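# Pasting a predicted model and its sequence here:
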Amino acid sequence: MSAALFDAADDVTRVVGVTSRSAEESAPSSAGRPAAVAAGSIRFQKVEKTYLSSAGPVRALTDITIDVPAGSVFGIIGRSGAGKSSLLRTVNRLERPTGGQVLVDGEDISAFNEDQLVALRRRVGMIFQHFNLLSAKTVFGNVALPLVVAGVPAQEVRTRVAEVLKLVGLEGKENTYPSRLSGGQKQRVGIARALVSRPEILLCDEATSALDPETTLSILSLLKDINRRLGLTIVLITHEMSVIREICDHVLVLEAGRIAETGRVWEVFGNPRHEATRALLKPLDRGLPDDLTERLTSLWNGEPATALVEFTYTGAGGLQPDLARLLAVLGDGTRIIQSNLDRIQSHVSGRLIVASPARADLQHLIANPELAHAARIIGYDAADV
Ligand SMILES: Nc1ncnc2c1ncn2[C@@H]1O[C@H](COP(=O)(O)OP(=O)(O)OP(=O)(O)O)[C@@H](O)[C@H]1O
């Protein structure tokens with residue numbers, strides 16, 4: 001989220017409902033939900049968003065239609081300015097679409113009045129990149145805030161805060177102030193505050209972007225754990241494919257406000273179709289080392305040489321690198337040079353590069369659909385690579 005564009009303190013105020021009339025029971029959480037719709041489902045239907053700025057209209061979202069299954073972890077990724085924040089924030093009406101509808105549990109939230117919005121924001125929790133904690137309040141005070149605002153009795157507040165602090169691993173930190181916490185602990189407080197209202201949906205706005213890699217992994221694993229244990233839907237935005245790979249079931253790639261592609265994570269990783277997706281995946285692809293690239297020739301002169309062959313796996317149809325089969329086809333002297341394989345949602349995808357003695361029929365031998373989804377000779381080296 002572009003910090004300059006939004007007032008983060010204002011966001012958290014609206015999300016915990018400080019400015020709204022307090023009444024936890026103001027509108028029943030499932031009011032109006034069609035019987036067949038699972039709690040925690042979201043449908044974006046022809047969603048459009050155009051901002052009116054002093055420089056003229058800015059079209060942020062165009063024709064977004066997609067379902068977020070209840071109970072899934074759904075990642076939205078895209079380059080800066082692609083529209084991720086704009087889309088995420090329509091789910092709790094921090095942004096209002098200028099066209100189309102957002103349905104939460106089958107209800108169109110665009111016509112919600114103030115009371116319904118208060119109830120919606122209890123069903124849809126949110127965490128932020130910069131945590132947005134109140135520095136003058138302790139961990140307990142921050143986490144308790146949404147319940148206190150909602151007029152929940154003190155004893156129940158204590159019970160529920162203790163419950164969520166245990167869930168996020170912050171027992172014993174109740175009386176600590178945010179300034180004494182690490183970034184990861186602050187985000188755990190943010191998660192606890194979002195969960196204390198027992199939401200069906202958790203929105204994560206670049207929740208790990210301000211954290212180091214190790215803390216990022218611990219927060220992602222906490223989110224996955226919460227998703228599994230509580231069954232709540234998680235929608236997260238990120239600009240890092242590694243975050244998507246780590247915890248998401250489904251991914252939506254946005255490009256200039258439109259859907260570039262979408263699908264299950266293993267499908268999109270294994271066979272990225274859009275240029276924007278391939279660019280986002282690039283940092284995860286190690287590529288061939290320079291020392292090898294520089295030595296390779298594209299033509300073979302028939303003399304003894306080594307051929308470097310790249311096998312590509314998309315994860316489709318259960319096809320995996322089978323070393324025995326590769327050796328049976330390529331023969332003795334075949335060695336693995338580099339592997340860029342990933343196992344996502346039980347599907348193996350990526351690239352395997354092997355060195356094999358050059359021979360005239362090699363191209364024919366590797367074009368075997370039982371070996372890989374695609375295969376190509378990268379080049380030849382007269383010496384042994
Ligand atoms: N309040 C606003 N007024 C005017 N333009 C806006 C506003 N909010 C967002 N935009 C514009 O809408 C487009 C999408 O912005 P958005 O913040 O949704 O993208 P993003 O993918 O989340 O970007 P980033 O990763 O940089 O946070 C951008 O062109 C942005 O400049």
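Done, it's in.
# CA only for contacts and neighbour counts going forward, please
Will do.
# Residue ranges of each domain in the chain, please.
3-283, 290-381 (automatic domain parsing).
# Please identify the most buried of those domains.
Stretch with highest mean neighbour count among the domains of the chain: domain 3-283 (a mean of 19; mean count of other CA atoms under 10 Å).
# Quickly check: it near the ligand or not.
Yes. Using CA under 6 Å from any ligand atom, domain 3-283 reaches the ligand at 5, 51, 53, 58, 60, 78-86.
# For the chain, give me the ranges with low pLDDT.
1-38, 384-385 (pLDDT under 70).
# for it, which helix is longest?
Secondary structure assigned by DSSP state H gives helix 213-230 as the longest helix of the chain.
# Tabulate the CA atom coordinates of the helix or strand containing residue 339 in PDB.
Element membership of residue 339 [criterion: DSSP states H and E] is strand 335-344. Extracted C-alpha coordinates of strand 335-344, given in PDB (Å, rounded to 0.1, in the frame of the first residue of the first chain):
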ATOM      1  CA  ARG A 335      24.600 -35.700 -14.600                       C
ATOM      2  CA  ILE A 336      22.400 -33.200 -12.900                       C
ATOM      3  CA  ILE A 337      23.900 -29.700 -13.200                       C
ATOM      4  CA  GLN A 338      21.200 -27.500 -11.600                       C
ATOM      5  CA  SER A 339      17.800 -27.800 -10.200                       C
ATOM      6  CA  ASN A 340      15.200 -25.100  -9.800                       C
ATOM      7  CA  LEU A 341      12.300 -27.300  -8.800                       C
ATOM      8  CA  ASP A 342       9.600 -26.400  -6.300                       C
ATOM      9  CA  ARG A 343       6.900 -28.500  -4.700                       C
ATOM     10  CA  ILE A 344       3.700 -26.400  -4.300                       C
END
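# Work out which residue lies at the spatial centre of the chain.
residue 75 (3.0 Å; CA atoms, centre = their mean).
# how far away is that one from residue 68?
10 Å (CA to CA, to the nearest Å).
# name the helices or strands packed onto the host helix or strand of residue 147?
Taking DSSP H and E as the definition, one finds residue 147 inside helix 139-149. On a contact count with 3 or more CA pairs under 8 Å, 6 or more residues apart in numbering; DSSP states H and E, helix 139-149 meets helix 8-16, helix 154-167, helix 183-195.
# With distance to residue 94 as extra columns, can I get those in JSON lines?
Converted to JSON lines, the helices and strands packed on helix 139-149 look like this (distance: least, CA to CA, whole Å):
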{"stretch": "helix 8-16", "distance to residue 94": "7"}
{"stretch": "helix 154-167", "distance to residue 94": "25"}
{"stretch": "helix 183-195", "distance to residue 94": "15"}
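# Touching the host helix or strand of residue 64 from outside, list them.
In the assignment (DSSP H and E), residue 64 maps to strand 56-68. Under the contact criterion CA atoms under 8 Å, 6 or more residues apart in numbering, strand 56-68 has outside partners 41-52, 74, 81-83, 86-87, 100, 256-259.
# Next up, the contacts around the residue lying closest to residue 171 once chain neighbours are set aside.
Excluding its sequence neighbours, the residue lying closest to residue 171 (CA to CA, 6 or more residues apart in numbering) is residue 165, at 5.5 Å. By CA under 8 Å, 6+ apart, residue 165 lies in contact with 171, 189, 192.
# and which of those residues is nearest the ligand?
Nearest to the ligand among the contacts of residue 165: residue 189, at 22.6 Å, using CA to the nearest ligand atom.
# Next up, the contacts around that closest one.
Residue 189 makes contact with 133, 139, 142, 143, 165, 168, 170 under the criterion CA under 8 Å, 6+ apart.
# mind listing what the third one touches?
I take that to be residue 142. So residue 142 contacts 133, 134, 189, 193 (CA under 8 Å, 6+ apart).
# same thing with the second one?
Taking CA under 8 Å, 6+ apart as the contact definition, residue 139 lies against 173, 174, 175, 176, 177, 178, 189.
# What residue in the stretch 251-385 of the chain comes nearest to the ligand?
Closest to the ligand within the stretch 251-385 of the chain is residue 257: 6.8 Å, counting by CA to the nearest ligand atom.
# contacting residues for that residue?
59, 60, 61, 62, 82, 83.
# Most distant residue from the centre of the protein?
Relative to the C-alpha centroid of the chain, counting by CA atoms, centre = their mean, residue 303 is the outermost residue, at 49.7 Å.
# That one and residue 383, how far apart?
Separation of residue 303 from residue 383 (CA to CA): 11 Å.
# which stretches of this protein form strands?
42-53, 56-68, 73-78, 99-104, 107-108, 124-128, 201-205, 233-238, 250-255, 258-264, 306-313, 335-344, 347-357, 374-381 (DSSP state E).
# so what secondary structure elements neighbour the fourth one?
Counting contacts by 3+ CA pairs under 8 Å, 6+ apart, strand 99-104 packs against strand 42-53.
# Distance from the chain centre to the strand it packs on, please.
Strand 42-53 sits 20 Å away from the centroid of its parent chain (CA atoms, centre = their mean, to the nearest Å).
# just checking, what packs against it?
Counting by 3+ CA pairs under 8 Å, 6+ apart, strand 42-53 packs on strand 56-68, strand 99-104.
# quick one: residue 138 from residue 45, how far?
Counting by CA to CA, the separation of residue 138 from residue 45 is 41 Å.
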